[in-house]
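Chemist: sequence and predicted structure, then a few things I'm wondering about:
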Amino acid sequence: MRSVSALFPTFFTLSLITQSCCSVHWCYDSQSQSCGPKHWKEIQSTCGGKSQSPINIDMSNVDRDNNLQHFVFEGYSTVPPGQWSIANNGHSVQVTLDTNVSISGGGLVGKYKALQLHFHWGNGLSYGSEHTINKKQYPMELHIVHMSERYTDIRDALKKTDGLAVLGFMLEASGPLLVWFPALTQRSFLIPASPGPMKSCSVTTIWAQTPSS
């Protein structure tokens with residue numbers, strides 16, 4: 001039986017992307033060495049700094065802040081009235097959320113509304129998490145992207161260091177590496193083989209997308 005478990009389920013990062021480069025092709029090394037992370041600064045100069053993805057978390061060199069509070073999740077366990085949209089955006093499977101879901105606490109100033117969730121995985125038998133922990137790459141990584149309620153346009157939020165907040169889940173797999181979360185399993189047929197327009201799908205709770213352990 002396929003199963004997945006989460007590591008460091010509250011791995012958290014503020015938005016490290018300050019500008020969008022959607023009009024130019026970028027990729028990961030597992031896809032092509034010619035457009036991987038080492039070349040991102042050639043596409044967008046912002047990516048040549050010290051605060052952007054992908055990053056390696058060295059657990060032996062992590063500063064722990066004991067003053068940080070727990071995250072507060074609102075709407076994560078509620079089935080929303082609206083529809084979700086699912087699409088292949090050319091880099092990942094992305095689910096756009098039409099719901100009133102937010103996080104606060106954990107060092108955040110104010111609330112951050114959930115906009116979308118997406119996945120990072122490898123090709124075939126390769127591991128594909130975007131980030132690494134102690135230089136270890138994991139089979140899959142889930143990102144839930146939130147925007148500060150201080151902003152109404154993601155284009156404005158992307159220009160601010162506090163504009164976005166992303167919850168990241170490192171995922172281990174047993175059995176085949178291609179593992180769909182329960183709520184997406186029945187909808188995987190909606191995902192086109194190549195980038196294309198979004199398709200509507202029935203909704204579930206956000207927590208249904210995350211592993212139970």
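Modeler: Happy to help now that I have it. Predicted, not measured: the structure shown is a model, and the values here were computed from it. Numbers count the residues shown, from 1 in each chain.
Chemist: list of residues touching stretch 56-66?
Modeler: 11, 107, 131-135 (C-beta atoms under 8 Å, 6 or more residues apart in numbering). The way it works is simple: take the backbone N, C-alpha and C, and place the C-beta from them, glycine included.
Chemist: quick one: which of these has the lowest pLDDT value?
Modeler: Model confidence across the contacts of stretch 56-66 bottoms out at Phe11, which has 44.
Chemist: still on that earlier bit, need the max-distance pair from the contacts of stretch 56-66.
Modeler: Pairwise distances across the contacts of stretch 56-66 (C-beta to C-beta) peak at 25.5 Å, for the pair Gly107 and Lys135.
Chemist: those two: who's more crowded?
Modeler: Taking other C-beta atoms under 10 Å, Gly107 and Lys135 do not tie; Gly107 has more neighbours (12 against 8).
Chemist: is the more buried one in a helix, a strand, or coil?
Modeler: The three-state assignment at Gly107 reads coil, by DSSP: H, G, I helix; E, B strand; the rest coil.
Chemist: show me where this protein has strands.
Modeler: 3-14, 56-57, 71-74, 84-88, 93-96, 102-105, 112-121, 132-133, 136-137, 140-148, 164-174, 199-201 (DSSP state E).
Chemist: partner strands of the fourth one, with direction?
Modeler: Meaning strand 84-88. Strand 84-88 has its sheet partners listed here by DSSP bridges as strand 93-96 (antiparallel), strand 199-201 (antiparallel).
Chemist: so Ala157 is in contact with Gly163, correct?
Modeler: Yes. Counting by C-beta atoms under 8 Å, Ala157 touches Gly163, with 3.1 Å between them.
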